[in-house]
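*Asks:* just coords:
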C-alpha cells in the first residue's frame, strides 16, 4: 500500500487514492482470498515482498507474509513473492544505505538515472557489487524467515549505464582481440588493446556522425 500512496497521481488513481485500499490491504492476506483462489484451481500465488523502499521498512510486513505463506501451504498452494529489481525509493532507501548513490545507474552526463519519469525513484546499476549483495541477502534471508517457494523478479532488465564501473567493464569487453577485429578490422598481436582503456564517451556532436565501434559504444550493443 505504501507503494500506491507514494506514486499517487503518477500511477493509477484507482490504487493511489482509493478509499477502499485499506480494506483491500487487510483482505489480501486473509483466509478468504486463499480459499477463493483454491476454489478456482489456483496452485501458485504471487504476493508482495520487496518494492524498493529498503529492507528495514519492508521487513515490517514479514510476519504477515509468514502467516500467509503458512496458510497457503496448508492448502497445498505454493507462494512466489514479488521483488522489484530496478527501482529504489531513495527517500527511504537512502536512510538505510549510506552510499546508495554509488549503487545507482548513471546517465551520460553523470546524473543519477531515474526509474521511468518518477523523480523519487532511481534505477540501480546491476553491475554494482553492493547492490547485488544487498538483493542476494534480502532474498536469502526472506526465504529462510518467511518460507516462500519462489521469487518473481520484476523489471529485471538493464538499460544503458555510464557509471565509471560500467565504462571500465565495457572497455575490458571491447579489449578482446576477437571482438575488436569483428567490429572494426583492427589487428593486435596481444589479446587486448591498450587503446581502448583510454577511450571516453564521445560528445553528442560526434555521436551523430559516428559509426562502427563508436556507435556500438554509444548503444551498448553486442557487435
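*Replies:* Great, that's in hand. Here the structure is a predicted model, which is why all the values come from computation and not from measurement. Numbers count the residues shown, from 1 in each chain.
*Asks:* show me where this protein has strands.
*Replies:* Secondary structure of the chain (DSSP state E): strands at 44-50, 78-84, 114-115, 118-122, 150-154.
*Asks:* what is the burial count for residue 74?
*Replies:* Neighbour count of residue 74, defined by other CB atoms under 10 Å: 10. Glycine gets a C-beta too; all of them are placed from N, C-alpha and C.
*Asks:* what residues are up against it?
*Replies:* With contact set as CB atoms under 8 Å, 6 or more residues apart in numbering, residue 74 has no partners.
*Asks:* go through stretch 82-94 and flag the buried ones.
*Replies:* Judged by neighbour count using 16 or more other CB atoms under 10 Å, the buried positions of stretch 82-94 are 83, 84, 85, 86, 87, 88, 89, 90, 92, 93.
*Asks:* quick one on the thing from earlier: can I get the strands of the chain in JSON lines including distance to residue 59 and mean pLDDT?
*Replies:* Output for the strands of the chain, formatted as JSON lines (distance: least, CB to CB, whole Å; pLDDT from 0 to 100):
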{"stretch": "strand 44-50", "distance to residue 59": "10", "mean pLDDT": "93"}
{"stretch": "strand 78-84", "distance to residue 59": "13", "mean pLDDT": "95"}
{"stretch": "strand 114-115", "distance to residue 59": "22", "mean pLDDT": "81"}
{"stretch": "strand 118-122", "distance to residue 59": "20", "mean pLDDT": "81"}
{"stretch": "strand 150-154", "distance to residue 59": "16", "mean pLDDT": "94"}
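*Asks:* using CSV, lay out these together with distance to residue 104.
*Replies:* Converted to CSV, the strands of the chain look like this (distance: least, CB to CB, whole Å):
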stretch, distance to residue 104
strand 44-50, 17
strand 78-84, 15
strand 114-115, 10
strand 118-122, 5
strand 150-154, 18
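*Asks:* of these, which is nearest residue 36?
*Replies:* strand 44-50 (10.9 Å; CB to CB).
*Asks:* what angle separates that closest one from strand 78-84?
*Replies:* 30 degrees (axes from the mean of the first three to the mean of the last three CA atoms, to 10 degrees).
*Asks:* parallel or antiparallel, list what pairs with strand 44-50.
*Replies:* Using DSSP bridges, the strands paired with strand 44-50 are strand 78-84 (parallel).
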